[in-house]
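Q: Build the 3D model from these lines:
(4 chains)
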2 protein chains.
Amino acid sequence: MQNRLTIKDIARLSGVGKSTVSRVLNNESGVSQRTREKVEAIVNQHGFSPSRSARAMRGQSDKVVAIIVSRLDSLSENLAVQTMLPAFYEQGYDPIMMESQFSPELVGEHLQMLSHRNIDGVVLFGFTGITEDLLASWQSSLVLLARDANGFSSVCYDDEGAIQLLMEKLYAQGHRHISFIGVPHSDVTTGKRRHDAYLACCQQYQLESLSVLPGLAMTQGYDHVAEVLTPQTTALLCATDTLALGASKYLQQQRIENVQLASVGNTPLMKFLHPEIVTVDPGYAQAGRQAAAQLIEQVNGRADLRKIVIPAKLA
Amino acid sequence: MQNRLTIKDIARLSGVGKSTVSRVLNNESGVSQRTREKVEAIVNQHGFSPSRSARAMRGQSDKVVAIIVSRLDSLSENLAVQTMLPAFYEQGYDPIMMESQFSPELVGEHLQMLSHRNIDGVVLFGFTGITEDLLASWQSSLVLLARDANGFSSVCYDDEGAIQLLMEKLYAQGHRHISFIGVPHSDVTTGKRRHDAYLACCQQYQLESLSVLPGLAMTQGYDHVAEVLTPQTTALLCATDTLALGASKYLQQQRIENVQLASVGNTPLMKFLHPEIVTVDPGYAQAGRQAAAQLIEQVNGRADLRKIVIPAKLA
DNA sequence: CTGTTAGCGCGTTCAA
DNA sequence: TTGAACGCGCTAACAG
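A: The predicted structure is shown next:
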């Protein structure tokens, strides 16, 4: 806010040239220990930090990244962003936030805004409708979350593993009629993969499968859970905590108490409202950290594109 | 990502000087209509946009603001941020996100990071422990949300009005034993103001008051609601949706069905889980828009510091 | 009305 | 090992 010092001032104050200060600031070699210490002392004493805009103009990075969440109030994405932010701060990156509202068009607009600004990289929470060509120009500076795409880095959840853990646990608890409520297959990960895993487990345990795939919204869980409840049903597997929340409201209203809920999510809200639920933690927190780490390495050329899968854990 | 054009290129391409291009870009007067159109044509044709870092270095604004939320998963703050973001985008501001986790120390650290970066302004969601002197150097470029402070702009909720609306409604419904669950008075707005308003309403309607002030967390609502439930209690007023969620879990578990819940919040989660609740919308969405608008006007010197109060509405 | 000139704060030559 | 000079893309002051 006040008149900031410049590298020139620091040079004058420490009795050296501008370029020496620059070298010290950037940890470059070729500066004597004594000089380096002298300059560093002055820098610290004045709390000097070089102007980011000037650096950026010199072709350096702006140290700005963008995080595009689907919805600000997504329980799972919140958990990931929560660990992502500190990871970015620590490396000096400022994360700007954008909300896609599950609209590929909005993602497109946001990316276009970002291409004007000199962004270093983007973390994008994937969803149905995000296509490779929409992201084409960002190949090297984007990390996709919760989805993968050819030619892009991604951090994904272990959808199959999560469902398997849940089914295993339910089976061990003696459940033999386990229904499933999930998301349409147009959603590849949360939708198709989790449902397929459920079906595979049913086959493996020789159980009848019964499923409905209304969508991601809480109300959809509520509205459609009845379709998979038979008199024999003793357990209900939900593709997400959000669906489980919807389903459990229905169960409560109908005073159905002999159906064990299970879901992948392990969000704080779920843990509070329904601690009795069997839940798998897909590793949102770890995913956030990893996504940030991968993006930083990647934009600095220290890492290639990489697909990371976070292992699921029973909570 | 590719080799961006510069103002110089545009100048060459349109056969004018750099400064003329600059004048056109900044909508400055003193350019003939013909020249302006010619330049604009070239600019649009190439999708040119001036380098933000270069502008910033020339002392212009960086067009970056920061939003410091208390928690990423705050139901109320999410609603405000959701309207704030587009408002900022529209004016060309990039909002960087930070989470304070209700820690004044973290706010301090974040503000310090921001003072190094050349930030235009800050929207800060206030909470207990935020003091005027912590924010001292940001007087002119900060908008406080949900709190007010001397010498600062703020956007506040009408705590008294919200409680009054709720009490009025409950009274009209015939309730005469209305308990209150809220937040300690150390929290000035959500805590003291709402509780005081409750007490005042009780006096006005000649009702006995019965209240407990455990805190903001859902679990606190759950753990302490029993303390304000008597055999006569027919309604329970909650200072926030989050508390109401906690309380309602308790009521459900205890199969208590003759207590009408009321709360200030009107968040989507609440509306879904408990549509039967009497709820007041404190105007989170509007608050977000206003905060963004006020901050932008303010940092552009087009507005003075201002305290804005959002009126509450029955949902 | 318009073009030329001089920096903004920094990184990067290049000579010393 | 160091410093002086130059230029990044832009705006502002000045000259035409």
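Q: Could you tell me how many residues sit around the closest residue to DNA strand D within chain A?
A: For chain A and DNA strand D, the shortest gap (Cβ to the nearest atom of the strand) falls at A:Gly17, measuring 2.9 Å. Yep, even glycine has a C-beta here, placed from its N, CA and C like the rest. Using other Cβ atoms under 10 Å in any protein chain shown, A:Gly17 has 13 neighbouring residues.
Q: all strands of chain A, in order?
A: Here chain A has its strands, by DSSP state E, at A:64-69, A:94-99, A:121-125, A:142-145, A:153-157, A:178-181, A:210-212, A:235-238, A:260-264, A:278-281, A:307-310, A:313-314.
Q: got CSV for those strands, with distance to A:Met84 and mean neighbour count too?
A: CSV is the format used below for these (distance: least, Cβ to Cβ, whole Å; neighbours: other Cβ atoms under 10 Å in any protein chain shown):
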stretch, distance to A:Met84, mean neighbour count
strand A:64-69, 7, 24
strand A:94-99, 7, 24
strand A:121-125, 7, 25
strand A:142-145, 9, 26
strand A:153-157, 10, 25
strand A:178-181, 29, 26
strand A:210-212, 33, 18
strand A:235-238, 25, 28
strand A:260-264, 20, 24
strand A:278-281, 17, 22
strand A:307-310, 13, 18
strand A:313-314, 19, 14
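Q: Contact distance from DNA strand D - what residues of chain A qualify?
A: Counting by Cβ under 7 Å from any atom of the strand, the positions of chain A adjacent to DNA strand D are A:15-20, A:23, A:29-32, A:34-36, A:54, A:57-58.
Q: Could you tell me which of those count as buried?
A: Among these, the ones that count as buried by 16 or more other Cβ atoms under 10 Å in any protein chain shown are A:16, A:20, A:23, A:31, A:35-36, A:57.
Q: which of the residues you listed sit farthest apart?
A: The span of those, defined through Cβ to Cβ, is set by A:Thr35 and A:Met57 at 26.6 Å.
Q: Spell out which parts of the stretch 151-300 of chain A neighbour chain B.
A: A:218-219, A:222, A:245-246, A:249, A:252, A:268-269, A:272-273 (Cβ under 8 Å from any Cβ of the partner chain).
Q: Reformat these as a markdown table; add neighbour count, pLDDT and distance to B:Glu168.
A: Listed next are those as a markdown table, based on neighbours: other Cβ atoms under 10 Å in any protein chain shown; pLDDT from 0 to 100; distance: Cβ to Cβ, whole Å:
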| residue | neighbour count | pLDDT | distance to B:Glu168 |
| --- | --- | --- | --- |
| A:Met218 | 21 | 97 | 31 |
| A:Thr219 | 15 | 97 | 30 |
| A:Tyr222 | 21 | 98 | 31 |
| A:Leu245 | 26 | 97 | 32 |
| A:Gly246 | 24 | 97 | 32 |
| A:Lys249 | 19 | 96 | 29 |
| A:Gln252 | 14 | 93 | 30 |
| A:Pro268 | 14 | 95 | 34 |
| A:Leu269 | 19 | 96 | 31 |
| A:Phe272 | 16 | 96 | 31 |
| A:Leu273 | 23 | 95 | 30 |
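Q: isn't the residue of chain A closest to DNA strand D right next to A:Ile10, touching?
A: No. Using Cβ atoms under 8 Å as the test, A:Gly17 is too far from A:Ile10 to be in contact (10.6 Å).
Q: Poorly predicted segments of chain A, please.
A: For chain A, the stretches with pLDDT under 70 are A:1-3.
Q: how much space between the residue lying closest to A:Thr83 once chain neighbours are set aside and chain B?
A: Spatial nearest neighbour of A:Thr83, chain neighbours left out: A:Gly288 (3.7 Å); criterion: Cβ to Cβ, 6 or more residues apart in numbering or on different chains. From A:Gly288 across to chain B, the span is 11 Å (Cβ to the nearest Cβ, to the nearest Å).
Q: Neighbours of A:Gly288, how many?
A: Using other Cβ under 10 Å, A:Gly288 is surrounded by 27 other residues.
Q: Contact partners for it?
A: Counting by Cβ atoms under 8 Å, 6 or more residues apart in numbering or on different chains, A:Gly288 makes contact with A:79-84, A:87.
Q: The same query, at a cut-off of 7 Å, please.
A: A:80-84 (Cβ atoms under 7 Å, 6 or more residues apart in numbering or on different chains).
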